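Engineer: the sequence and its predicted three-dimensional model are supplied below.
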Amino acid sequence: MISRRSLPALLAAPVLYAPALRAYAQPATQVSLVHLNDFHSRHEPIAPTSAACRAGEACFGGSARIATAIAEAREAARAEGRASLLLDAGDTFLGSLFFTQHEGMAEAAVQKEWGVQAFTLGNHEFDLGPEKLARYLAAVPFPVLCANIDVTQEPALAGKLAPTIAFRRENLRVVVVGLTTPETPILSAPGPNVRFTDPLEAANRAVWEARREGPATVVALSHLGVGADRRLAAEVAGVDVILGGHSHTLVAPPIVVEGKDRPVLIAQAQAFGKYLDRFDLDLAADGRIAASQQHMRELTADIHEDPGVAAIVARFAEPLEALRRRVVGRLPAPLDNRTCYLAPCALGETVAEAMRKAVDAEIGWQNGGGLRAGLSAGEISVGDLLTVLPFGNTVSRVRLRGTTIRAALENGLSRLPQASGRFPQLAGLRFTADAARPSGERVASAEAREPDGSWKPLDPARAYLVATNDFLRRGGDGYAMFTEAALEARDDGPLVSDAVERALGG
């Protein structure tokens, strides 16, 4: 891993974004940190569920709308005499056909146009391996950070990452420390030559080096998740602000943690470009935060789209139509969706099994309402899959006790005898039920499939790993227990459509 001392030119180059000349002559004690995270290739607007926007829906975000919001945040900062700094906390990769087709180049083009000034790596930046990440790094003009990654033994990445970057303007020095989840080797494909170290130890080292050079405001640009950010704030002295990602959490107002030597502010802007965070800081002479104010903005449809960025998105969208026509497999018989709202159906089981295999879970769980069309016999194209699964959902993993799984089954059956989108389509789990009984008491028996293929009664105390889509994992269709009773949860799997494509092609 390269050290800050090996990057004198890089450290000297960045300046806080402060276009008004009059701001240059003022003491640089005020700054606005403009922040986003977990964009996940959502270049086109998204629905409230974070799925792809459909005609007639009230939609959010999209690269062109984000560009406008960034420009407006910077202008608001300038009007108050503040310099501004645009920071991205990782996972700009994966989540739409833009990434599938362009492998990070669409994200690089848009981030450049937004004016990103520092970016920390998320786990999904490694999804296509070190060589494709290196191609992205060569395309972006801003520093890419991570203090807890050693890439010295990876030829594609050696010398291309920095642990920190210092931004200077007059008497203000803001040091940004990049941190990436050490679970990346489990979650992604960094290869055998990239080593992930303890982020708290790396942060301690980076803070010590930053403060050795004099007063500074230390910002941890973290792709660790909000729980790990809390630990970082409590255990690492000298951090002032943590701008987070990875857990897709909306942290507004900011969390305040009493750290070892100062209060630490934590913020996160959920995910998928639905929010943009502007964090105004008034800084004391020693770099400590004297006052702060957060402006978390939901990027609603009334924000106009920046025409320049819209043109970039349109250019990258051109080849996607051909991709949608690509044949991915064949079916010997049709898979209908008309009964999937009322009863187990073959299409639902196919999707649930594909999700289960994609993340090596024990149980797959799809809602019948997420299956918007059937599949005909014969050749199946990407377009056919996207007609069945139009929402752009990703595969989530959630660990649940058997008692919680039974409660989830009751939720799925609660609308019977009426058809309902919450009806559970399952793999690795089967049940019997009596729809005539009261809601909440309908499941007569439930069995889970064992690794040897046998079926055993659902154990109330056992923790099972369940694969589902991110809509259900966040509590959609009444599945609040997937959020509230989760022992652990991750929303960083592949697109559901990609999982089904691999299953059909395999």
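Structural biologist: Okay, I see it.
Engineer: Ala189 belongs to a strand, doesn't it?
Structural biologist: No: counting by DSSP: H, G, I helix; E, B strand; the rest coil, one finds Ala189 to be coil, located in no strand.
Engineer: quick check: it vs Cys59, distance?
Structural biologist: Computed as C-beta to C-beta, to the nearest Å, the Ala189 to Cys59 distance reads 32 Å. For every residue, glycine as well, the C-beta is placed using N, CA and C.
Engineer: over to Leu335?
Structural biologist: In terms of C-beta to C-beta, Leu335 sits 29 Å off from Cys59.
Engineer: Arg278 falls within a helix, correct?
Structural biologist: No: counting by three-state DSSP, Arg278 is not part of a helix but strand.
Engineer: contacts only, for the nearest residue to Thr29 once chain neighbours are set aside.
Structural biologist: Residue nearest to Thr29 in three dimensions, not counting chain neighbours: Leu283, with 5.0 Å by C-beta to C-beta, 6 or more residues apart in numbering. Contacts for Leu283 (C-beta atoms under 8 Å, 6 or more residues apart in numbering) come out as Thr29, Gln30, Val31, Leu172, Thr217, Ile289, Ala290.
Engineer: surely the third one meets Asn171?
Structural biologist: Meaning Val31. No: using C-beta atoms under 8 Å, Val31 is not in contact with Asn171; the gap is 11.9 Å.
Engineer: so those two - more neighbours on which side?
Structural biologist: Val31 (24 against 12; other C-beta atoms under 10 Å).
Engineer: let's verify the more buried one: helix, strand, or coil?
Structural biologist: Per three-state DSSP, Val31 ends up strand.
Engineer: can you get me a residue count around the nearest residue to Cys345 once chain neighbours are set aside?
Structural biologist: Residue nearest to Cys345 in three dimensions, not counting chain neighbours: Thr339, with 5.0 Å by C-beta to C-beta, 6+ apart. Applying other C-beta under 10 Å, we find 15 other residues in the vicinity of Thr339.
Engineer: ok, back up a step: can you tell me how far the residue nearest to Thr29 is from His35?
Structural biologist: Counting by C-beta to C-beta, the gap from Leu283 to His35 is 17 Å.
Engineer: any chance of the contacts of Leu283 in TSV, plus distance to Ala408 and pLDDT?
Structural biologist: Below are those laid out as TSV (distance: C-beta to C-beta, whole Å; pLDDT from 0 to 100):
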residue	distance to Ala408	pLDDT
Thr29	52	82
Gln30	49	92
Val31	46	95
Leu172	51	76
Thr217	45	96
Ile289	43	95
Ala290	48	94
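Engineer: which one of those sits closest to Val151?
Structural biologist: The closest of those to Val151 turns out to be Thr217 (C-beta to C-beta; 27.1 Å).
Engineer: how long is stretch 241-249 end to end?
Structural biologist: In stretch 241-249, first residue to last residue: 16 Å (C-alpha to C-alpha, to the nearest Å).
Engineer: tell me how far that stretch lies from the chain's centre.
Structural biologist: Relative to its chain's centre, stretch 241-249 lies at 10 Å (C-alpha atoms, centre = their mean, to the nearest Å).
Engineer: what of stretch 117-131?
Structural biologist: The answer for stretch 117-131 is 12 Å, by C-alpha atoms, centre = their mean.
Engineer: got a list of what Gln268 touches?
Structural biologist: Counted by C-beta under 8 Å, 6+ apart, Gln268 has contacts Asn37, Ala89, Val226, Asp229, Leu243, Gly244, Gly245, Ser247, Thr249, Leu250, Val251, Asp277.
Engineer: what's the neighbour count on the third one?
Structural biologist: Using other C-beta under 10 Å, the number of residues around Val226 comes to 20.
Engineer: give me the distance between it and Arg135.
Structural biologist: 31 Å.
Engineer: same check on the fourth one?
Structural biologist: Asp229 sits 30 Å away from Arg135, going by C-beta to C-beta.
Engineer: when these two are compared, which one has more neighbours?
Structural biologist: Between Asp229 and Arg135, Asp229 has the larger neighbour count (other C-beta under 10 Å), namely 30 against 15.
Engineer: who's in contact with that one?
Structural biologist: Ala220, Ser222, Ile242, Gly244, Ile255, Ile266, Gln268.
Engineer: got it, and Val351?
Structural biologist: Gly364, Gln366, Gly370, Leu371, Val388, Leu389, Gln425, Val496, Val500.
Engineer: on the three-state scheme, it is what?
Structural biologist: helix.
Engineer: need the per-residue pLDDT for it.
Structural biologist: We have a pLDDT of 98 for Val351.
Engineer: for the residue located most distally from the centre of the chain, what are phi and psi?
Structural biologist: Residue farthest from the centre of the chain, counting by C-alpha atoms, centre = their mean, is Ala436 at 41.6 Å. Phi and psi for Ala436, reported as degrees, to the nearest 10, are phi -80, psi -20.
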